[in-house]
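>>> What shape does this take:
(2 chains)
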Amino acid sequence: MKQIPDKNILLFKSCLVSIEYPGVESSTTFVFDKIGVDYFVSREQTCCTGLGHYSDVFDQFTTTVNGARHFALSHKLNRPNFAMMCATCYAINKRVANLLNENDELRDSVNDVFDDCGFEWMKYEKDDITSRENIFHVIDIFYSKRKEIAENIKYDFSDFKIATHHGCHYCKAHYHDTIEGVRNPHIIDDVVNACGVETVGWYDFKRATCGNGFSQRFVHKDLSMDATNDKFKSLKDKNTEILIHLCPNCHIQFDRYQPYMEKHYGEKLDIINLNIAQFLAIAMGADPYNVVGIQTHTVPVEPLFDRLKLLSDEDKKMIIENVSRKVDLDNSADFNMEADTIKVDFKKGAK
Amino acid sequence: MDEKFEHGSLDLAHFIMNDIKFAQGENLLKCVQCGMCTSACPGAQHSDYNPRDMIEYILEGDNSIIESEDIWNCFYCYTCHSICPVGNSPCQANQVLKQIAIDEGIADEHLRPFLGFGDSFLNHGMGGIPQNFFKEMREDIGEDWWEFKNHLDDVRTQLGLGPVYPDDDSIEEISTILVKCGFKDRVEKIREIKDYEK
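Model prediction:
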């Protein structure tokens, strides 16, 4: 497995997390503090341009200059390791790093802009930041800290039907970089599994888009919602009660638009949505309103708490042992990462 | 930085291959028209968009694809990109086609609803959903969402988070940079009502 940093991290703010689901950020920092990740959030950071970029308003050059400023900022703060809370921030910044490192002419043009503006400190040198060594999604860091996650859980989610959605710009845009599967993405399943919970695993539309499609949700709403309906039908086939994802744009589609979907497609869905950081924060005992931010959700999260049970010491011990064994196996030289996930079912004990 | 596409001067496929939005290089030319892209495309499943056909137009140098309305149904989900057996990316080729259409001034109506993203970045240093969509979103999502939007700062304070926007110096910095990149001019040019529209 590639090296995933846990120090000198710049936790990169996401516009949609900030304005739609701020509890994702507070949950991420809550979990990072628990599992020993060194991070910093900077008010000098702007955002990745993603929403505008994928609505075609931003051109690639402008997005690249904006990205180069963030790379300079990360060095100024001595935090060259990026952790993204949004799949599109992840894809955009990886692309920017690759372009700046591989295209000399473009890099010179970017630096000319900084020269013209008098911002010398922003100038980019080849390989200041590399896509594979410096740019990660928060999920990658959680994945690398599964043992620490297991040690910190307090609540038992194993009675819920939980499915995962991996976010296109996380698992498809830079598919050579993706950890734990592209054809069958399962990194979120593996992190959920570190809490002693077996997910529903594969479902028909698992790797399909949430349906937001950037401009599509706004200007071709029927097209967008038809794609989302494919996803929801497939999730209902598995009797999904909680859907866990890693991108705020997917979160909006599945959560904000769920009542709209129910009305227009005539089926009750009742699927609670959580970002993986929110799920982990709840499992670790975080306050639902002061940390997880469930008051910002459209589909009520409260019903979940009625069925949540405290983990017994005995079960927790078994989870820690099994997760530890699985992580060691995943890290062994002959492990096939494209194979199906190995699940930890603590109820049946170590096998 | 971005080159402008000129009809007849450079064929479409080579223009796309050399555009900085396209990362797959010569793999564009390796397309064998297998149709994997179209079979997995959400746009193709629910509209007339067909990424395989789009690539065929490009490889045949048929520039009429630039004016196609169907290309605006791509979700940018990169599903085609992730499964293409020759490492091509219809999704990225689509993005370059749209940039050509924008440069030619024939895509303004597609972009105008989203100019708020640019304005927000220039004025506040970050994106966010443009306000022109709020009315419809409020109808679709409900009053609880609207109530939350109006109390965002309170919720953020409750969660121990700082202000939404970057600090003033950083906003000024990025705004200066965006103007120098030509981004502000690009936004204004798209917004401007053209003679043929009057």
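>>> alpha carbons only for contacts and neighbour counts from here, please
Fine.
>>> Contacts only, for the most centrally placed residue in chain A.
Central residue check for chain A by Cα atoms, centre = their mean: the C-alpha nearest the mean position is that of residue A:246, 2.8 Å away. Residues near residue A:246 by Cα atoms under 8 Å, 6 or more residues apart in numbering or on different chains: A:85-87, A:139, A:165-167, A:275-276.
>>> any chance of those in CSV, plus neighbour count?
As requested, the contacts of residue A:246 are arranged in CSV below (neighbours: other Cα atoms under 10 Å in any protein chain shown):
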residue, neighbour count
A:85, 28
A:86, 29
A:87, 27
A:139, 24
A:165, 25
A:166, 27
A:167, 26
A:275, 27
A:276, 26
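>>> Quick check: the two most widely separated of the residues you listed?
A:85 and A:165 (14.3 Å; Cα to Cα).
>>> Which one of the residues in chain A is closest to chain B?
residue A:213 (3.9 Å; Cα to the nearest Cα).
>>> Tell me how many other residues crowd the residue nearest to that residue when sequence neighbours are not counted.
Of all residues not flanking residue A:213 in the chain, residue B:75 sits nearest, at 3.9 Å (Cα to Cα, 6 or more residues apart in numbering or on different chains). Residue B:75 has 27 neighbouring residues, counting by other Cα atoms under 10 Å in any protein chain shown.
>>> Residue B:75 falls within a helix, correct?
No. Under the criterion used here (DSSP: H, G, I helix; E, B strand; the rest coil), residue B:75 is coil, not part of a helix.
>>> Does it touch residue A:211 like I think?
Yes. If you go by Cα atoms under 8 Å, residue B:75 and residue A:211 touch, sitting 7.4 Å apart.
>>> any shared contact partners between those two?
Counting by Cα under 8 Å, 6+ apart, the residues touching both residue B:75 and residue A:211 are residue B:42.
>>> okay, stretch B:24-35 in PDB with CA atoms only?
The C-alpha coordinates for stretch B:24-35 follow below in PDB (Å, rounded to 0.1, in the frame of the first residue of the first chain):
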ATOM      1  CA  GLN B  24      -5.100  11.200 -22.300                       C
ATOM      2  CA  GLY B  25      -3.000  12.300 -25.200                       C
ATOM      3  CA  GLU B  26      -2.900  10.000 -28.200                       C
ATOM      4  CA  ASN B  27      -5.300   7.500 -26.600                       C
ATOM      5  CA  LEU B  28      -8.000   9.600 -28.200                       C
ATOM      6  CA  LEU B  29      -6.900   8.200 -31.600                       C
ATOM      7  CA  LYS B  30      -7.000   4.600 -30.300                       C
ATOM      8  CA  CYS B  31     -10.700   4.500 -30.000                       C
ATOM      9  CA  VAL B  32     -12.100   1.300 -31.500                       C
ATOM     10  CA  GLN B  33     -15.700   2.400 -31.200                       C
ATOM     11  CA  CYS B  34     -16.400  -0.500 -28.800                       C
ATOM     12  CA  GLY B  35     -19.200   1.500 -27.100                       C
END
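>>> And the closest residue to chain A within chain B, how far from residue A:43?
Per Cα to the nearest Cα, residue B:75 is where chain B lies closest to chain A, at 3.9 Å. Here residue B:75 is placed at a distance of 31 Å from residue A:43 (Cα to Cα, to the nearest Å).
>>> Return the set of buried residues in the helix or strand hosting residue B:173.
Here residue B:173 sits within helix B:168-180, counting by DSSP states H and E. Within helix B:168-180, the residues that count as buried by 16 or more other Cα atoms under 10 Å in any protein chain shown are B:170-180.
>>> and residue B:165, what pLDDT?
What the model reports for residue B:165 is a pLDDT of 96.
>>> can you check residue A:175 too?
Looking at residue A:175, its pLDDT stands at 89.
>>> I'd assumed residue A:183 was in contact with it.
No. Contact criterion Cα under 8 Å: residue A:175 and residue A:183 do not qualify, at 9.5 Å.
>>> So which of these two has more stuff around it?
Taking other Cα under 10 Å, residue A:175 and residue A:183 do not tie; residue A:175 has more neighbours (18 against 14).
>>> Next up, the contacts around the more buried one.
Residues in contact with residue A:175 (Cα under 8 Å, 6+ apart) are A:182, B:82.
>>> what's the distance between it and residue A:15?
24 Å.
>>> repeat for residue B:15
33 Å.
>>> Tell me which of these two has more neighbours.
Set side by side, residue B:15 and residue A:15 show more neighbours around residue A:15, with 27 against 19, by other Cα under 10 Å.
>>> hang on, isn't the more buried one packed against residue B:127?
Yes. Contact status for residue A:15 versus residue B:127: in contact at 6.1 Å, counting by Cα under 8 Å.
>>> joint contacts of these two?
Taking Cα under 8 Å, 6+ apart as the criterion, residue A:15 and residue B:127 both touch residue A:47.
>>> got the contact list for the residue lying farthest from the centre of chain B?
Ranked by distance from the centre of chain B (Cα atoms, centre = their mean), the top residue is residue B:158, with 34.8 Å. By Cα under 8 Å, 6+ apart, the contact set of residue B:158 is residue A:290.
>>> same deal with the one 4 residues further on?
Taking Cα under 8 Å, 6+ apart as the definition of contact, the neighbours of residue B:162 are residue B:156.
>>> Quick check: the gap between it and residue A:11.
Taking Cα to Cα, one finds residue B:162 at 14 Å from residue A:11.
>>> Find residues that contact each of those two.
With Cα under 8 Å, 6+ apart, residue B:162 and residue A:11 have no common neighbours.
>>> can you give me the strands in the stretch 151-300 of chain A?
Ranges of strands in the stretch 151-300 of chain A, per DSSP state E, counting those that start in this stretch, are A:155-156, A:162-164, A:242-245, A:272-275.
>>> Wait, residue A:184 touches residue A:205, no?
No. Residue A:184 is beyond contact range of residue A:205, at 10.5 Å (criterion: Cα under 8 Å).
>>> pLDDT score for the most centrally placed residue in chain B?
Closest to where the C-alpha atoms of chain B average out (Cα atoms, centre = their mean) is residue B:95, at 6.5 Å. Note on residue B:95: pLDDT of 98.
>>> tell me the contacts of it?
Here residue B:95 is in contact with A:56, B:21 (Cα under 8 Å, 6+ apart).
>>> Distance of residue A:182 relative to residue A:70?
Plainly put, residue A:182 is 28 Å away from residue A:70 if you go by Cα to Cα.
>>> now residue A:255
Distance from residue A:255 to residue A:70, by Cα to Cα: 31 Å.
>>> where's the spatially closest residue to residue A:110 that is not a sequence neighbour, which helix or strand?
Distances taken as Cα to Cα, 6+ apart place residue A:65 nearest to residue A:110, at 5.6 Å, with adjacent residues excluded. Applying DSSP H and E as the criterion places residue A:65 in helix A:60-76.
>>> So which bits of the stretch 201-350 of chain A are right by chain B?
Residues of the stretch 201-350 of chain A lying close to chain B (Cα under 8 Å from any Cα of the partner chain) are A:208-209, A:211-216, A:218, A:220, A:223, A:226-227, A:256-257, A:259-260, A:289-293, A:296, A:298.
>>> Run through chain A and note the low-pLDDT ranges.
For chain A, the stretches with pLDDT under 70 are A:1-2, A:180-181, A:334-351.
>>> Distance from the longest helix belonging to it to the middle of the chain?
The helix spanning the most residues in chain A, taking DSSP state H as the definition, is helix A:313-331. Taking Cα atoms, centre = their mean, to the nearest Å, one finds the center of helix A:313-331 at 23 Å from the center of the full chain.
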